[in-house]
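Peer 1: The following block contains a protein sequence and its predicted model.
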Amino acid sequence: MRAVAIKKSSREKTIGFQEMGVLGCDGCGEEFFIGHNPQPVDKRLAEKHAKWLEKVLAEEHDRDRKHSDQITVV
């Protein structure tokens, strides 16, 4: 797994991943850590993952679905 997004409120941690930042859901305000595999850490890739995650979170609201505690970032 190259990257993962984990709810800040979750008990899960980004063990084995480099935390690259936090993204908040525009729909509900839930915050997610974005963690990357530490080999290699790429800021541009982290920004791409953040944009992808924003879309996923918005789609979950459109479908009235709760956010998972962990989302594998593609």
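Peer 2: Noted; the coordinates are in hand.

Peer 1: Which helix or strand contains Gly35?
Peer 2: strand 31-36 (DSSP states H and E).

Peer 1: Identify the spatial nearest neighbour of Gly35, chain neighbours not counted.
Peer 2: Phe17 (3.1 Å; C-beta to C-beta, 6 or more residues apart in numbering). Where you see a C-beta, it was placed from the backbone N, CA and C, and this is true even at glycine.

Peer 1: Quick one: residues contacting the one you found.
Peer 2: Shown in contact with Phe17 (C-beta atoms under 8 Å, 6 or more residues apart in numbering): Ala3, Val4, Gly35, His36, Asn37, Pro38.

Peer 1: now do 10 Å
Peer 2: With contact set as C-beta atoms under 10 Å, 6 or more residues apart in numbering, Phe17 has these partners: Met1, Arg2, Ala3, Val4, Ile6, Phe33, Ile34, Gly35, His36, Asn37, Pro38, Val41.

Peer 1: Quick check: the farthest pair among the residues you listed?
Peer 2: Longest distance between any two of the contacts of Phe17 is 16.6 Å, between Ile6 and Val41; criterion C-beta to C-beta.

Peer 1: Okay, helices next: where are they in this protein?
Peer 2: 43-62 (DSSP state H).

Peer 1: Output the below-cut-off pLDDT ranges for it.
Peer 2: 1, 11, 14, 40-41, 74 (pLDDT under 70).

Peer 1: quick one: buried residues of the strand holding Gly35?
Peer 2: Phe32, Phe33, Ile34, Gly35, His36 (16 or more other C-beta atoms under 10 Å).

Peer 1: Run the angle between it and helix 43-62 for me.
Peer 2: The directions of strand 31-36 and helix 43-62 differ by 140 degrees, with axes from the mean of the first three to the mean of the last three C-alpha atoms, to 10 degrees as the criterion.
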